Structure formats: structure tokens, C-alpha cells
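>>> Quick one, what's the 3D model for this:
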Amino acid sequence: MSSVDSQRRVLSGMRPTGRLHLGHYHGVLKNWVKLQHEYECFFFAADWHALTTHYEDPQSIEQNVWDMLIDWLAAGVSGTSSTMFIQSQVPEHAELHLLLSMVTPVSWLERVPTYKDQQEKLKDRDLATYGFLGYPLLQSADILIYRAGQVPVGADQVAHVEITREVARRFNHLYGKEVGFEEKAEAAIKKMGKKSAKLYSSLRKAYQEQGDAEALETARALLKEQQNITLGDQERLFGYLEGGGKVILPEPQALLTPDSKMPGLDGQKMSKSYGNTITLRDTTDEVSEKVRRMPTDPARVRRNDPGDPAKCPVFQLHQVYTDKATHDWVQEGCRSAGIGCIDCKKPIIDAISAELEPMQQRAAEYEANPDAVRVILNEGTERARDAARDTLIEVRQAMGLQYRP
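Predicted coordinates for the structure are as follows:
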């Protein structure tokens, strides 16, 4: 943990699937743009993860990564407010994955809900590989290598964070109890000064004997303020506080994100696999054509047939893009046949085009200046590797792999 404030650090990644759509923007990117100003954020393109299911067809990965990163930047993710990088350019992820695989039971990986779900959905692919079985552990390594305390996920991905917590807990249990741990912890308490030492001991007792969660948080805050102890002693006292050993890999928390309210052009969830997307770089004409072709209430066969907005996918887009006055106009006009479906769709076309225009301007600038993107990635990779190396120094030392030259 050293000088890292885990609770202020966020890690999130995305598989490279090429250009992104409005579902990505409303479901992930808008949240990233907000988080980068509130936390220390690491955002990465998960190209190794793409190989777990598409290892036979890697030719498109590089272009997909490039297109995705430009869309991130166009959406407002910043290379100065966050650390952006490509997973495979930070090989420390792979080393930590290897080391964690030595201590992680296979049964833990087999019970991850998406393991069997993906096998069912991707029956046309041979997924009988270690890479596919082990991808949840690679995800854990992605998080733990940065000692990130917060991981933004949807409710369906909480299981991935939970297995990461279990892996971290097991690792700390196995390797956090150095020789003479308790004696070193007690010696560190004395270095805090009489007042702080007494307060720490009382808070530790309140937590361990009574389960006082407030005492635990107060003690953690107390340790972060200490100037009289080394970082190593601070790590020991974090572990000693909870009755365990030295906290080498802190357990992350799921930072739940709201479910994306972005419906696709057919009313289902917006997804490339459904072919119902509007991409962030679709032109105004392309947006107009796609929205105009959207299905509407089947009851409205003719212009003067009344309809029901509740049965129309277009009204779902109104929920995202227009205000209550427009909703009332749609409800009244559709039910009375006072407006046609094209009339109803026009405010959606205008709103989506207005939302995309500034993003597309930024995307065009980055496409015209790829060196600027490379600079952002190079700087991000350097920062990411520095953070990852710091973690591995402690991991190797704990596992007896830190050899003297």
C-alpha cells in the first residue's frame, strides 16, 4: 500500500471492439469523465482480454484499440486528468497474474457467473483454454497491480470485484505475516507518540472486540496522518488493526454505476451484436437515417392512426434526450394522431446530433494528429508502469522473489 491512498484510486478498462456507440457513452464514458476529476483514475484498453475469446482473429485488435482510444478522448476522457494506457504495454499485469495464479484455487474461477454464460453465448468458439478460464484472475491482476480501492462496474459485474477481494484476502493471509510481525507492529505503535498510540490501541480493541466499523475508519484515518512512522510500519499497522498481517494488496470495492438508460434503435439494449447502434462518429445524415428507420407502434399503420408511446422504441429515446414538455407533446400528439412518427423523431435527431457534434470535432482533430494520441499513451504507460512496478516490488519481496544483485 505504501504511499498509495487506495480509496482515492480508480481502475477501469474496456475491451477494444472498435468505434464506440451511444450506449458506451451514456453507460461508461460520461461516468469516467466525472470520476477523473474526483479520483486518481487509471483507464486501459484491455487488449489481452480481447484475446481470451478472439485469439484466432487478432488482426483487428490494433485498429480497434486505436478507434476506441480516440473515442475516449473525444468523449472528454483526459490524458492529463487520468492515466490512459494499453494493457499489453504494461507487462507487470501479466507477471502479477502469473504470481496470483500460484495461489488461486481453480474452483474460484469456475464459479464466476460469466464463465458458463460466455461459453453458452459463444458456442461457435473454442473456449477450452486457460486464457478463458483465467480471465477473471487477469482482471483481478489489472485491479490489484494498481492497488485500486474503487472499481466502477454495473450490478452484473460485481462478482468480478468480489473474486478480486477474495484473491487479495488470500494473498495477504499467506504472505502478510512476516517473521516477527506482531513485535514489529507493537514497536511501530510506540513510534506514533503516546497520545496517538493510546488512541490507535483503543480503536483497534473496539473494532476487534466489538466490530465497531466507525472505530476502524477512525483508526485508518489516524494512520494516514502519522508522520512519525515509515510507510512499511504504516502497512503493518493497517493489517494489525484488522487482526491480519501486512496489507500488501488492498481489497477493492465495487463503485456501482447506474444502469445505462440508452436503448437501441429497436428498443433493446444498444449493442453491436444486435446491430441497433448509433456510433459516436455517425454523421448527422447517418443519425437521421437510422432514427427515421426506427420501428414505431405497430398500430400506427397510417398517418391518422392513433398510437401508444409506451409501445414505441422512439419514446424510449425521448426519455433520454428530451424534456417533460416534449414528452407531453409526444403523448398527446401520438395518441390523437396529431403528429406523425417523423414529427416525433425530429427532436431526437436534433438532440443526438447536438450531443455528438463536439465529440466528432475532437475525434477529427485526434485522427488528423495521431502523434498527439501517442504522446498521451506514452505518458500514461510510463505512469502506469511506475505504479505497477511499485506493487510488484512488494509482491516479489513477500513471495521471496526479491533477489539481491
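>>> Tell me where the model's unsure across the chain.
Applying pLDDT under 70 to the chain flags residues 1-3.
>>> Give me the three-state assignment for the residue located most distally from the centre of it.
Most distant residue from the mean C-alpha position of the chain: Asn304, 47.6 Å away (CA atoms, centre = their mean). With DSSP: H, G, I helix; E, B strand; the rest coil as the basis, Asn304 sits in coil.
>>> Need phi/psi at it.
For Asn304, the backbone dihedrals (degrees, to the nearest 10) come out as phi -90, psi 10.
>>> Which residues are in contact with it?
Ala337 (CB atoms under 8 Å, 6 or more residues apart in numbering). Placement of C-beta: from N, CA and C, glycine included.
>>> Could you tell me how far it is located from Asp297?
Asn304 is 14 Å from Asp297, where distance means CB to CB, to the nearest Å.
>>> Same check on Gln253?
From Gln253 to Asp297 the distance is 43 Å (CB to CB).
>>> Let me see the ranges of the strands in the stretch 251-400 of the chain.
Under the criterion DSSP state E, counting those that start in this stretch, the stretch 251-400 of the chain contains strands at 253-256.
>>> make that the stretch 1-150 of the chain, sorry
Assigned by DSSP E, counting those that start in this stretch, the strands in the stretch 1-150 of the chain fall at 9-14, 40-45, 83-86, 150-153.
>>> How about residues contacting the second one?
Applying CB under 8 Å, 6+ apart, the set of residues contacting strand 40-45 from outside is 5, 8-14, 16, 32, 35-36, 65, 68-69, 72, 77, 81-87, 90, 142, 146, 148, 384, 387.
>>> buried sites along it?
40-45 (16 or more other CB atoms under 10 Å).
>>> could I get the residues you listed as JSON lines with distance to Ala325?
Below are these laid out as JSON lines (distance: CB to CB, whole Å):
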{"residue": "Glu40", "distance to Ala325": "41"}
{"residue": "Cys41", "distance to Ala325": "37"}
{"residue": "Phe42", "distance to Ala325": "42"}
{"residue": "Phe43", "distance to Ala325": "37"}
{"residue": "Phe44", "distance to Ala325": "42"}
{"residue": "Ala45", "distance to Ala325": "41"}
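>>> Let me know the closest of the residues you listed to Tyr25.
Phe43 (14.3 Å; CB to CB).
>>> what are the bridge partners for the closest one, then?
Beta bridges link Phe43 to Ser12, Met84 when assigned by DSSP bridges.
>>> separation between it and Leu223?
Distance from Phe43 to Leu223, by CB to CB: 29 Å.
>>> all helices of the stretch 201-350 of the chain, in order?
213-225, 231-241, 284-292, 313-321, 324-336, 341-368 (DSSP state H, counting those that start in this stretch).
>>> Looking at those helices, which is nearest to Ala50?
Closest to Ala50 of the helices of the stretch 201-350 of the chain, according to CB to CB: helix 341-368, at 21.5 Å.
>>> Ser88 - how many residues pack around it?
Using other CB atoms under 10 Å, Ser88 has 18 neighbouring residues.
>>> again with the one 5 residues further on
If you count neighbours by other CB under 10 Å, His93 ends up with 24.
>>> Quick check: it vs Leu138, distance?
7 Å.
>>> swap in Gln119?
Distance from Gln119 to Leu138, by CB to CB: 17 Å.
>>> more crowded one of these two?
Taking other CB under 10 Å, Gln119 and Leu138 do not tie; Leu138 has more neighbours (21 against 13).
>>> quick one, what contacts the closest residue to the more buried one other than its chain neighbours?
Spatial nearest neighbour of Leu138, chain neighbours left out: His97 (4.9 Å); criterion: CB to CB, 6 or more residues apart in numbering. Contacts for His97 (CB under 8 Å, 6+ apart) come out as 134, 137-138, 140-141.
>>> repeat that with 10 Å
Taking CB atoms under 10 Å, 6 or more residues apart in numbering, we find His97 in contact with 48, 104, 134-135, 137-142, 144-145.
>>> and the helices of the stretch 201-350 of the chain as JSON lines, adding mean neighbour count and distance to Pro152?
JSON lines is the format used below for the helices of the stretch 201-350 of the chain (neighbours: other CB atoms under 10 Å; distance: least, CB to CB, whole Å):
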{"stretch": "helix 213-225", "mean neighbour count": "15", "distance to Pro152": "22"}
{"stretch": "helix 231-241", "mean neighbour count": "21", "distance to Pro152": "24"}
{"stretch": "helix 284-292", "mean neighbour count": "15", "distance to Pro152": "28"}
{"stretch": "helix 313-321", "mean neighbour count": "20", "distance to Pro152": "20"}
{"stretch": "helix 324-336", "mean neighbour count": "15", "distance to Pro152": "29"}
{"stretch": "helix 341-368", "mean neighbour count": "16", "distance to Pro152": "20"}
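>>> That'll do, ta.
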